[in-house]
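Visitor: dropping a prediction and its sequence here:
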Protein chains: 2
Amino acid sequence: MSIETIAGGHLTTPRGFRAGAVSAAIKTKAGALDLCLLVSEGPCAVAGIFTKNEVKGAAVVLSQERVAAGRVRAIVANAGCANAITGVEGYEDAKEMTLLAAKHLGIDAEEVAVASTGVTGVRLPMDKLRAGIPRVAVSEEGGPDFARAIMTTDTRPKEIAVSVGGRYSLAGCAKGSGMIHPDMATMFTFVTTDADVSPELLRAVQREVADETLNMISVDGDTSCSDTFLVLANGAAGLARIEAGTPAAEEFKRALLVVCTHLARELARDGEGAKRLIEVVVRGAASREDARRIARTITTSPLVKTAAAGCDPNWGRILVAAGRAGAALDESKASLRLQGELLFERGRGLPFDERAVSHKLDAEEVVIELDLGLGSGEATAWGCDLTTDYVHINADYRT
Amino acid sequence: MSIETIAGGHLTTPRGFRAGAVSAAIKTKAGALDLCLLVSEGPCAVAGIFTKNEVKGAAVVLSQERVAAGRVRAIVANAGCANAITGVEGYEDAKEMTLLAAKHLGIDAEEVAVASTGVTGVRLPMDKLRAGIPRVAVSEEGGPDFARAIMTTDTRPKEIAVSVGGRYSLAGCAKGSGMIHPDMATMFTFVTTDADVSPELLRAVQREVADETLNMISVDGDTSCSDTFLVLANGAAGLARIEAGTPAAEEFKRALLVVCTHLARELARDGEGAKRLIEVVVRGAASREDARRIARTITTSPLVKTAAAGCDPNWGRILVAAGRAGAALDESKASLRLQGELLFERGRGLPFDERAVSHKLDAEEVVIELDLGLGSGEATAWGCDLTTDYVHINADYRT
């Protein structure tokens, strides 16, 4: 059974979903979309994964409760203000957001999840939300506006839809460019499907897929307090329910993997100030957990990231970063390839043409392959280079 | 009993130590000192702490063996080449360095520790070392040259000497500017004293002091493969041996704390591209370990570091970084001061004059005080701001 990307597909490509967005002047940039709604015609199975940061945004706290109750079929989201570290008042603001959305959509507030992103420590401009939410017109063409409205320092929206054998579809959008080092989920990732999936299966598959995709990216090692990953399955394709342990469940997982791998790579590629996506493939680790640790540590190393920015084939920095990951590593058994070029083989640096390899590194994607020669553990992680633009963006974000 | 800084003091201020350095053209900069020796007239008690990175430089591996054997009284060090990830040949090169130094100084090779820093993955230029080591003239005025010769991207040497009640002295020098996130020791820190200290006490005190000083600094979160912290005590002051559990031992520990706190702060202040030292003081944590984790996580956060570079009083980033430290935190009990200004009190952001606080942040030292309101755990960590110069330095280090 085939899983195919739908050209121009977006969050409301799956049947029975509508979305829309408006500019409510929450972002400072005049006219920018910053407030959006997604709603399913009928009830949904829902699965959510949220930040593990001890400091949680008010929207995260409320959405966790709503997802646990299991009735979520709509999402109200804003960018420009994270409504985080805002105390009890922030929680009440988040609740009012869902009430406003529910009233506008004609559903219960319990059926609405909420997500807020942007600057922390500042209360939401509730007057703007009270005026803005009733102005959001939702439609089946609203997916791209929704994906655009959740952006902060992102330079472009990230969205994808896939068709599963022409029978049902799965779509997702994501945002996040800084403070990206997800621990159980990334900044915002929203996935819709018109498949009918049991809530238990949806939760299990979501967790497995998150561990291989969104939890394997890093822009700067900072874990946000707003990370939210929601999957809504409304069954509007009218097919039989997908149950655990069946080929259909495997196929659904593969489709979700395609969607989330795409979004994870796009998030890393659009990291603040980034010029290049860095893909780190670790093989031959003593365990899968060791492979994950080493791959992630390499993507977070400022010295590896700056070397990528400067097209510097400095493989020593890669091995030294791997060495501090807290995982088994024996340099005499390790081998390393950079853009396919073998530079280090079982403990020995090989002679190579620095100018030629540097030239190969001047690419949109840099691939680091590290074989540890210890076992069969494998993992892939994604990051981006560290440029002076990252510093500029973050030295001037607030003031 | 008083512990006083000796103006102009250096590594060979304690009696019975001599040092010297030459330019051996290992660094690319013509005429730069890059090869140095330190030697004690008589035998020493020695204590060493080395990197925990799985990838260890050959000098670290050899010095660990020599320190364990307990006879070390001299150090040969070079900058410009780390002799790391160089395999068995690298280890043989390190051994030859100690042989050359021993022959020149008229002592046993077993009495020589070695330290190499600079680019990784490249063999030492042994011809230059064979020619250079016999040219190093050691004297009691050689401390400052030694401190200068071990520098790589450092912009200035870091050294200090203290007098303990006029009876004995303790001196240290350190280097390190990038790849600084010590885990058991920093890049290079060498300490000499003419006190007579039992080796067991020296090791115990060194470990305690390292945990409060050198292990609490971070420039970029990257742990070097060459981190080396050595303390040599030669007893040349001719006083009674300092034994554990005595007031003299407490005094010695306080003196070592003064020396290592100074060096740790200077290392962080001279971080690659840094304009400011960041001091993070955490109080009221559930435990000392929690306080350490939170303090270190704040110093490593790229978003906190870039905010410091931009004089941005973005206290939200500080709390969010604290929240991902893996330590207990309840924002409703936490309070935060920036440069002495209370910006956040028990869960609530306070109104403040952003322009005025931003102006106060434009200083050589930024002090962040976070009170968690949970217990009595305390810790202080040091870091530096992240500027575009860090990226420039590291995007062009090798090629």
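Guide: Arrived safely, thanks for sending.
Visitor: partners of the helix or strand residue A:48 falls within, with directions?
Guide: Per DSSP states H and E: residue A:48 is located in strand A:45-50. Sheet pairing here is set by DSSP bridges, and for strand A:45-50 it gives strand A:228-233 (antiparallel).
Visitor: can you pull out the residues in contact with the strand it pairs with?
Guide: With Cβ atoms under 8 Å, 6 or more residues apart in numbering or on different chains as the test, strand A:228-233 has contacts from A:17, A:38, A:40, A:44-51, A:59-60, A:63, A:67, A:72-73, A:75, A:113, A:115, A:184-197, A:202, A:206, A:210, A:214, A:256. (Glycine included, C-beta is placed from N, CA and C.)
Visitor: hmm, back to that, next helix or strand past the strand holding residue A:48?
Guide: Beyond strand A:45-50 on the C-terminal side, the first helix or strand identified by DSSP H and E is helix A:58-69.
Visitor: can you check what angle separates that next one from strand A:228-233?
Guide: Angle, helix A:58-69 to strand A:228-233, by axes from the mean of the first three to the mean of the last three Cα atoms, to 10 degrees: 30 degrees.
Visitor: buried residues in helix A:58-69, which are they?
Guide: Neighbour-count burial for helix A:58-69 flags A:58, A:59, A:60, A:62, A:63, A:64, A:66, A:67 (criterion: 16 or more other Cβ atoms under 10 Å in any protein chain shown).
Visitor: relative to chain B, how far out is residue A:228?
Guide: As for residue A:228, its distance to chain B is 15 Å (criterion: Cβ to the nearest Cβ, to the nearest Å).
Visitor: number of nearby residues for that residue?
Guide: Residues contacting residue A:228 under the criterion other Cβ atoms under 10 Å in any protein chain shown number 28.
Visitor: what sits against the nearest residue to it once chain neighbours are set aside?
Guide: Nearest non-adjacent residue to residue A:228, counting by Cβ to Cβ, 6 or more residues apart in numbering or on different chains: residue A:115, 4.9 Å away. Taking Cβ under 8 Å, 6+ apart as the criterion, residue A:115 is in contact with A:59, A:60, A:63, A:75, A:76, A:77, A:78, A:150, A:188, A:226, A:228, A:230.
Visitor: gap between the nearest residue to residue A:160 once chain neighbours are set aside and chain B?
Guide: Leaving out its chain neighbours, the residue that sits closest to residue A:160 by Cβ to Cβ, 6+ apart is residue A:262, at 4.6 Å. Computed as Cβ to the nearest Cβ, the residue A:262 to chain B distance reads 26 Å.
Visitor: please apply the same query to residue A:12.
Guide: From residue A:12 across to chain B, the span is 32 Å (Cβ to the nearest Cβ).
Visitor: so who does that residue touch?
Guide: Going by Cβ under 8 Å, 6+ apart, residue A:12 touches A:18, A:19, A:38, A:139, A:140, A:141, A:142, A:143, A:146, A:171, A:192.
Visitor: run the last query once more with 6 Å
Guide: Counting by Cβ atoms under 6 Å, 6 or more residues apart in numbering or on different chains, residue A:12 makes contact with A:18, A:19, A:140, A:142, A:143.
Visitor: and what of residue A:190?
Guide: For residue A:190, the contact set (Cβ under 6 Å, 6+ apart) comprises A:173, A:230.
Visitor: could you do residue A:40 as well?
Guide: A:16, A:17, A:73, A:232, A:234.
Visitor: now the second one: how far from residue A:9?
Guide: From residue A:17 over to residue A:9 the distance is 12 Å, taken as Cβ to Cβ, to the nearest Å.
Visitor: which one of these two has more residues nearby?
Guide: Ranked by neighbour count (other Cβ under 10 Å), residue A:17 and residue A:9 place residue A:17 first, with 28 against 22.
Visitor: so that one sits against residue A:193, correct?
Guide: No - taking contacts as Cβ atoms under 6 Å, residue A:17 lies outside contact range of residue A:193: 9.0 Å.
Visitor: spell out which parts of the stretch 51-200 of chain A neighbour chain B.
Guide: A:53, A:54, A:55, A:85, A:87, A:120, A:121 (Cβ under 6 Å from any Cβ of the partner chain).
Visitor: pLDDT-wise, which helix or strand of chain A ranks last?
Guide: Using mean pLDDT, DSSP states H and E, the weakest-scoring helix or strand in chain A turns out to be helix A:388-395, at a mean of 88.
Visitor: what's it packed up against?
Guide: Here helix A:388-395 touches helix B:302-309, helix B:388-395, going by 3 or more Cβ pairs under 6 Å, 6 or more residues apart in numbering or on different chains; DSSP states H and E.
Visitor: wait, a strand at residue A:76?
Guide: Yes - looking at residue A:76 with DSSP: H, G, I helix; E, B strand; the rest coil, it is inside a strand.
Visitor: now for it, how many residues are close by?
Guide: Residue A:76: 27 surrounding residues under other Cβ under 10 Å.
Visitor: nearest spatial neighbour of it, skipping sequence neighbours?
Guide: Nearest residue to residue A:76, sequence neighbours excluded (Cβ to Cβ, 6+ apart): residue A:101, at 3.9 Å.
Visitor: how far is the helix or strand containing that neighbour from where the chain is centred?
Guide: Here residue A:101 is covered by helix A:87-105, with elements defined by DSSP H and E. Here the centre of helix A:87-105 is set off from its chain's centre by 24 Å, with Cα atoms, centre = their mean, to the nearest Å.
Visitor: avg pLDDT for it?
Guide: Computed over helix A:87-105, the mean pLDDT rounds to 97.
Visitor: pull out the buried positions in that helix.
Guide: So, applying 16+ other Cβ under 10 Å, buried residues of helix A:87-105: A:90-91, A:93-98, A:100-102, A:104-105.
Visitor: the residue in the stretch 101-250 of chain A that chain B sits nearest to - how many residues pack around it?
Guide: Proximity of the stretch 101-250 of chain A to chain B (Cβ to the nearest Cβ) peaks at residue A:120, 3.0 Å away. Neighbour count for residue A:120, taken as other Cβ under 10 Å: 27.
Visitor: nearest spatial neighbour of it, skipping sequence neighbours?
Guide: Computed as Cβ to Cβ, 6+ apart, the closest residue to residue A:120 that is not its neighbour in sequence is residue B:316, at 3.0 Å.
Visitor: what separation do you get for the nearest residue to residue A:308 once chain neighbours are set aside and residue A:364?
Guide: Leaving aside its sequence neighbours, residue A:308 sits nearest to residue A:385 (Cβ to Cβ, 6+ apart; 3.9 Å). To residue A:364, residue A:385 is 11 Å away according to Cβ to Cβ.
Visitor: which one's more surrounded, the two?
Guide: A direct count of neighbours by other Cβ under 10 Å for residue A:385 and residue A:364 places residue A:385 higher, at 25 against 8.
Visitor: that one contacts residue A:311, doesn't it?
Guide: No - look at residue A:385 against residue A:311 with Cβ under 6 Å: they stay out of range, at 9.4 Å.
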